[in-house]
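Chemist: What would the 3D arrangement of this be:
(2 chains, ligands or ions: 2)
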Amino acid sequence: MDARRQWIALCTLVRREVRRFMRIWTQTLLPPVITTTLYYLIFGALIGPRIGPMGGVPYIQYIAPGLIMMSVITNAYSNVVSSFYGAKFQRNIDEMLVSPMPNAIIVLGFVIGGIARALCVGAAVTVVSLLFTDLTIHHLAVVVSTAVLTAALFSLAGLVNAIFANSFDDINIVPTFVLTPLIYLGGVFYSIEVLPAFWRSVSLFNPMLYMVNVFRYGVLGVSDVQVVGAYAVMAGITAVLFLLNLYLLERSSSLRS
Amino acid sequence: MPQALAIHDLHKVYPNGKVALRGISLEVAEGDFYALLGPNGAGKSTTIGIVTSLVRKTAGRVEVFGHDIDRQFSQAKACIGLVPQEFNFNIFEKPIDILLNQAGYYGVERRRACARAEALLEHLGLWDARNQPARFLSGGMKRRLIIARALVHDPRLLILDEPTAGVDIELRRTLWRFLREINAAGTTIILTTHYLEEAETLCRNIGIIDHGRLIENTSMRRLLAKLHVETFVLDLAAPVAAPPVLPGYTVRRIDETCLEVDVPKDKPLNRLFAELDAAGIQVVSLRNKVNRLEELFVRLVGEGRAALAEA
Ligand SMILES: Nc1ncnc2c1ncn2[C@@H]1O[C@H](COP(=O)(O)OP(=O)(O)OP(=O)(O)O)[C@@H](O)[C@H]1O
Ligand SMILES: [Mg+2]
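Modeler: Numbering: from 1, shown residues only, chains lettered A, B, ... in the order given. Ligands and ions are numbered 1, 2, ... in the order given. Here you go, the predicted structure:
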C-alpha cells in the first residue's frame, strides 16, 4: 500500500472514530461535563474556601488542571477501549483486518480518535472551569503537548486492554480498579506536599502524578515534579505501548484464530 | 500468467486442537467461477479465512495473483473482496458509511469511493435504506450489503462464503444474475454454497472439501458426466402388487401406485415406456427423484470417507 493510500485509510479511520463519539455524544461528551461541574460546585465553590490555598493558589484554581487532565485520561482510554472492543465484539474489526492497511495505521487511527475525544472533552471541561475560576495559561505549548501526549498514552493503553478483553466486563476492570484510584491519588485534588514523607515517596511511583503536575505547571506555573523528566517518562511509555500494540495486532489470537 | 488463487498444502489446527485442514491444494484460474462445496464443518470457511488473513495457517502457502499472502500481504489483500458467512458489519452504522469506510481502508479516494458505493447501493436495491442504521435491514438486505461492501474497492477476486444462505428464491436469482455479470466483466469468483443447484448453474469448476481434504477438484461438466444413472419416480394409474421386472432397469415399489426406476444414461427413456406398456402399467406422471447433483455429492463424500477409513 503506497503512502497516499495509507493516508486515505488513516483519514477514514479517524473520521469513523470521531463520528462514533459524536453520534453518541450523550454517552461520551456530556457526562464528563456534568461530573466536573459537580466537582467544582462541591470541592471548589463549597468546600474550597475552607481549605484555603494549595500550592500557592486558591484551591479551586489548584484543582482545575487536575480535573481537566482527569477527563483527558479517562476519555482517551474509554474511547479506544469501547470502540475497539465493540468492533471486535461485532466482528466488524474484520473489515480492517482483511484490508491491506498496515497495523501501524490501525493503531494510529484508533489513537488519533482517542486523542480527538480527549481534547474535545478537555476543551469542554476547560470551558466549565472558566465559569468557576480564572485560568491564565502560563505555558501554552506545555499545556497542549502534555494533553496530547497523555491522551496518546492512554489511548494506547485502552487499545491494549481492548485487544485482550473477552467481555464487556473486561473493559471496565482497568478503569475502575487501576485508572480511577491512580488518578485520584495522583495529585488531582491535593499537592503531595500535604502528605507524610512516606506516602509522598510512594506517590512518586504513580505515573499520573507526573502528567497532572506537568499539566498544572503549564497552566499555573507550579509543579510538584521535574518537568523535563516527566516528558521523557511519558514519551517512553507511549513508545513502548505503541510497539506493544503493533505486536498484539499481529499476534493476538483474539483477533485471528 | 499467475493463477487468481493458488493454495499449496494448506494445514490448519485451531488453538483448541481441532484439525480443520489436512493438506489442501488447489488453483483457481483468473476469470474462473469456482464453487467450493462440502458438508458442514468441512473446512470451507477455514480455507477462505486463511486466504483472506482472518485465520492464521498452521502450514502451507497461499498466493493471490502471484502475491504470497505472507510476504506481499498488502498486494495480495488489495486483490480480494470478501463476503463472509456471518454478518460482521457494525449494526449502528449506515450502509453508505459501511461502504465508504471499507473503501477507505483499501485506500480508495473519497470521490471514487462515493461514486462506487452509490452505484452498488443502487444496483443491489439498497438505495432507499442507505441512510438508516444497518440493524434495521432485513436479512436479505444485510446479505446484499456485505456483497456490496466486498465489491466497493473493485477487487479482482471475489470470495463469497454462502452468499445465498437465508435468501428467498427471487433474490437468489437476482444475485445469480448479478454475480454472472461481474464474472463476465472479468472478476474471478469463488463461492461456497450448500445449494448444489447454485453451483451447477453458476460455476465452471468445482472443488469438494470434506474433513479438511480436497476430495474432488474438476470442471462442472466432468463432474456431471460422472452421473451415469438417473432415478425417476413414476405415479401409476392403477395399483400394482409387485414391482414389474423390466430388463435393463432397476425398479423399486414405493407403494402400490408409485414406482422408482433407475435409468442408466445409455438407455433411452422411450424403451422404459415400451417395457412398461408391455407390462400393462399406465404412468400418470413422472419426475426426477432428487437433484442428481445432490445425489452425486452424497456419493462422493461417502466414497471419500470410505477411502479414508481404509487408508
Ligand atoms: N475458531 C475456531 N476454533 C476451533 N475450531 C474451529 C474454529 N472455527 C472452525 N472450527 C472447526 O473447524 C472445522 C471447519 O470449520 P469451517 O467453519 O471451516 O467449516 P465449513 O466448511 O465452513 O462449514 P459450514 O458449511 O458449516 O460453514 C469445524 O470442525 C469447526 O468446528
Ligand atoms: Mg462455513
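Chemist: okay, CA-based contacts and neighbour counts for the rest of this
Modeler: OK.
Chemist: ok, the residue in the stretch 1-150 of chain A positioned nearest to chain B - contacts?
Modeler: When scored by Cα to the nearest Cα, the stretch 1-150 of chain A has residue A:5 as its residue closest to chain B, at 4.0 Å. Residues touching residue A:5, when contacts are defined by Cα atoms under 8 Å, 6 or more residues apart in numbering or on different chains, comprise B:106-109.
Chemist: Out of the residues you listed, which comes closest to residue B:121?
Modeler: Sorting the contacts of residue A:5 by how near they are to residue B:121, with Cα to Cα, puts residue B:108 at the top with 16.9 Å.
Chemist: Got the phi and psi for that closest one?
Modeler: Dihedral angles of residue B:108 (phi, psi; degrees, to the nearest 10) stand at phi -80, psi 130.
Chemist: Could you do residue B:207 as well?
Modeler: Per-residue torsions, residue B:207: phi -120, psi 140 (degrees, to the nearest 10).
Chemist: Wait, it touches residue B:33, no?
Modeler: No - in this structure residue B:207 lies outside contact range of residue B:33 using Cα atoms under 8 Å: 11.3 Å.
Chemist: Which of the two has more residues huddled nearby?
Modeler: The residue with more neighbours, out of residue B:207 and residue B:33, is residue B:33; 23 against 20, by other Cα atoms under 10 Å in any protein chain shown.
Chemist: Closest residue of the stretch 151-300 of chain B to chain A?
Modeler: Residue nearest to chain A within the stretch 151-300 of chain B: residue B:153 (10.0 Å; Cα to the nearest Cα).
Chemist: quick one: contacts for that residue?
Modeler: Taking Cα under 8 Å, 6+ apart as the test, what residue B:153 contacts is B:81, B:102-103, B:106, B:108, B:113.
Chemist: Could you tell me which residues of chain A lie near ligand 1?
Modeler: Residues of chain A found near ligand 1 (Cα under 6 Å from any ligand atom) are residue A:257.
Chemist: Spatially central, which residue of chain A would that be?
Modeler: The geometric centre of chain A, computed from its C-alpha atoms, lies nearest to residue A:73 (Cα atoms, centre = their mean), at 2.1 Å.
Chemist: hang on, isn't it packed against residue A:156?
Modeler: No - taking Cα under 8 Å as the definition, residue A:73 is not a contact partner of residue A:156, at 11.1 Å.
Chemist: which of the contacts of residue A:5 sit farthest apart?
Modeler: So for these, where distance means Cα to Cα, the most widely separated pair is B:106 and B:109, at 9.1 Å.
Chemist: between those two, which one's more packed in?
Modeler: Taking neighbours as other Cα under 10 Å, residue B:106 and residue B:109 compare with residue B:106 leading, 27 against 16.
Chemist: For the more buried one, give me the pLDDT.
Modeler: Residue B:106 is assigned a predicted lDDT (pLDDT) of 97.
Chemist: Next one: it from residue B:238, what distance?
Modeler: Here residue B:106 is placed at a distance of 67 Å from residue B:238 (Cα to Cα, to the nearest Å).
Chemist: go on, residue A:131?
Modeler: Relative to residue B:238, residue A:131 is positioned 98 Å away (criterion: Cα to Cα).
Chemist: more neighbours, those two?
Modeler: The residue with the greater number of neighbours, taking residue A:131 and residue B:238 and applying other Cα under 10 Å, is residue B:238; the counts read 14 against 11.
Chemist: Now do the SS call for the more buried one.
Modeler: When states are read from DSSP: H, G, I helix; E, B strand; the rest coil, the local structure at residue B:238 comes out as coil.
Chemist: Kindly report the same for the one 10 residues further on.
Modeler: Per three-state DSSP, the local secondary structure of residue B:248 is coil.
Chemist: give the contact list for residue A:256.
Modeler: B:53-56.
Chemist: and chain A, which of those reach it?
Modeler: Residues of the contacts of residue A:256 in contact with chain A (Cα under 8 Å from any Cα of the partner chain): B:53-56.
Chemist: which one of the residues you listed sits closest to ligand 1?
Modeler: Sorting these by distance to ligand 1 puts residue B:55 at the head of the list, at 8.2 Å, by Cα to the nearest ligand atom.
Chemist: Show the pLDDT at that closest one.
Modeler: In this prediction residue B:55 is given a pLDDT of 96.
Chemist: With residue A:222 instead?
Modeler: 75.
Chemist: Could you report the neighbour count for it?
Modeler: Burial measure for residue A:222: 17 neighbouring residues, criterion other Cα under 10 Å.
Chemist: can you check residue A:132 too?
Modeler: Counted with other Cα under 10 Å, the neighbours of residue A:132 add up to 16.
Chemist: The residue nearest to it when sequence neighbours are not counted and residue A:178: what is the separation?
Modeler: On the basis of Cα to Cα, 6 or more residues apart in numbering or on different chains, the spatially nearest residue to residue A:132 that is not a chain neighbour turns out to be residue A:40, at 7.0 Å. In this view, residue A:40 and residue A:178 are 24 Å apart by Cα to Cα.
Chemist: So between the two, which is more surrounded?
Modeler: The residue with more neighbours, out of residue A:40 and residue A:178, is residue A:40; 23 against 11, by other Cα under 10 Å.
Chemist: Let me know the secondary structure of that one.
Modeler: Per three-state DSSP, the local secondary structure of residue A:40 is helix.
Chemist: now residue B:93: how far from ligand 1?
Modeler: Using Cα to the nearest ligand atom, to the nearest Å, residue B:93 is found at 26 Å from ligand 1.
Chemist: so what's residue B:66 closest to, chain neighbours aside?
Modeler: Nearest one to residue B:66, counting by Cα to Cα, 6+ apart, is residue B:2 at 5.3 Å.
Chemist: SS state for that neighbour?
Modeler: On the three-state scheme (three-state DSSP), residue B:2 is labelled coil.
Chemist: What's the local residue count around it?
Modeler: 14.
Chemist: tell me the phi and psi of it?
Modeler: Per-residue torsions, residue B:2: phi -70, psi 160 (degrees, to the nearest 10).
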